[in-house]
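Trainee: Predicted model and sequence below, questions to follow.
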Amino acid sequence: MSKSWKINLWGVRGSAPTPLMEYMEYGGNTTCISVERENHMVIFDAGTGLTVLGGKLNQQKHMRLDIIISHLHIDHVTGLFLFQPFFSPNMEICLHGGIGLKQHLKQLISSPWWPIGIQDFKAKICFHEIQVGASFNLGNFTVSTMNGNHPGNSILYRLDSDGKSLIYALDCEADEEIVAKIENFSYGSDLIVWDAYFTDEDFVDGWGHSTWKQGIKAGHNAAIKRVLMTHYNHEYTDEFLHSQEEIARKNAICLFAKEGMEIIL
Ligand SMILES: [Zn+2]
Ligand SMILES: [Zn+2]
């Protein structure tokens with residue numbers, strides 16, 4: 001029988017956290033999204049939102065967690081420093097990412113940047129370094145991968161199971177060439193998590209980010225049911241994002257992410 005997927009948004013910002021009143025409605029934590037299916041959780045990226053999720057998971061007796069990292073820019077990994085389940089012997093946590101993931105994270109989570117290291121974690125930890133283009137299985141999910149278009153590279157992911165599919169496409173500049181590949185990769189999927197760091201007006205060439213308008217266009221071209229905008233520019237206040245959402249939501253497939261939001265697939 002087809003199982004439901006519970007998707008939760010723990011962080012929706014790009015580049016830097018924004019813990020200020022005028023950002024609180026959409027949210028101030030950097031990127032982190034969880035997808036839960038039965039007793040298995042897949043987490044996309046480990047921004048500061050991961051710290052919030054970690055606090056909730058700490059009550060769990062036993063759980064398998066798979067943390068999938070798109071790339072190692074600091075807004076996508078700072079949540080790892082204080083992720084409480086790392087200190088629970090009941091947890092089984094696998095970190096997935098590009099080649100060199102283990103070495104880079106061991107360097108990052110260590111002195112002088114942090115008082116403890118990965119060797120101090122109590123959970124059962126594993127690392128899985130991905131050859132981009134390959135597919136692999138995580139529990140009932142099949143994960144497919146492709147390269148993004150981002151300084152230093154990023155990996156885009158596709159999750160499939162139960163006849164459903166979700167695409168995670170953050171930190172990717174949607175030029176013509178990559179958009180054609182993304183549309184192919186995501187064709188007919190249920191949800192795409194889209195890099196909405198810029199508006200068309202603010203767009204800066206070469207920064208490795210996209211706009212919500214590009215997301216809607218790709219969503220329509222690839223017959224995707226819903227396009228979830230996130231990874232907002234750290235300078236975009238609630239007032240500004242409201243004004244953008246009002247225009248964007250005229251397209252029925254468009255959804256603007258807010259921290260704390262839950263979507264059932
Ligand atoms: Zn980012
Ligand atoms: Zn980045």
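Mentor: Perfect, I can see it now. Just so it is clear, the structure is predicted and the values come from calculations on it, not from any experiment. Ligands and ions are numbered 1, 2, ... in the order given.
Trainee: Would you mind naming what in this structure lies close to ligand 2?
Mentor: Taking CB under 5 Å from the ion as the contact definition, the chain meets ligand 2 at 73, 171. (C-beta placed from N, C-alpha, C; glycine too.)
Trainee: Run through the bridge partners of the residue most central in space within the chain.
Mentor: Of all residues in the chain, the one closest to the mean position by CA atoms, centre = their mean is Phe44, 3.9 Å from it. For Phe44, the beta-bridge partners under DSSP bridges are Ile33, Ile68.
Trainee: can you pull the contacts of it?
Mentor: Neighbour list for Phe44: 31-35, 68, 70, 157, 168, 170, 193 [criterion: CB atoms under 8 Å, 6 or more residues apart in numbering].
Trainee: who wins for neighbours among these?
Mentor: Of all those, Thr31 has the most neighbours under the rule other CB atoms under 10 Å, reaching 33 neighbours.
Trainee: Verify the contact between that residue and Asp75 for me.
Mentor: Yes: applying CB atoms under 8 Å as the test, Thr31 and Asp75 come out as touching, 6.5 Å apart.
Trainee: what sits against His96?
Mentor: Per CB under 8 Å, 6+ apart, neighbours of His96: 66-69, 127-130, 138, 143.
Trainee: Show the buried residues in those.
Mentor: 66-69, 130, 138, 143 (16 or more other CB atoms under 10 Å).
Trainee: Report the mean per-residue pLDDT for the helix or strand containing Leu166.
Mentor: Per DSSP states H and E, Leu166 falls inside strand 164-169. For strand 164-169, the mean pLDDT works out to 98.
Trainee: Would it count as contacting ligand 1?
Mentor: No: using CB under 5 Å from the ion, we find that strand 164-169 stays clear of ligand 1, coming within 12.0 Å at best.
Trainee: Let me see the residues that make contact with that strand.
Mentor: 2, 5, 7, 33, 35, 44, 68, 70, 148, 156-159, 182, 185-186, 188-195, 224, 265.
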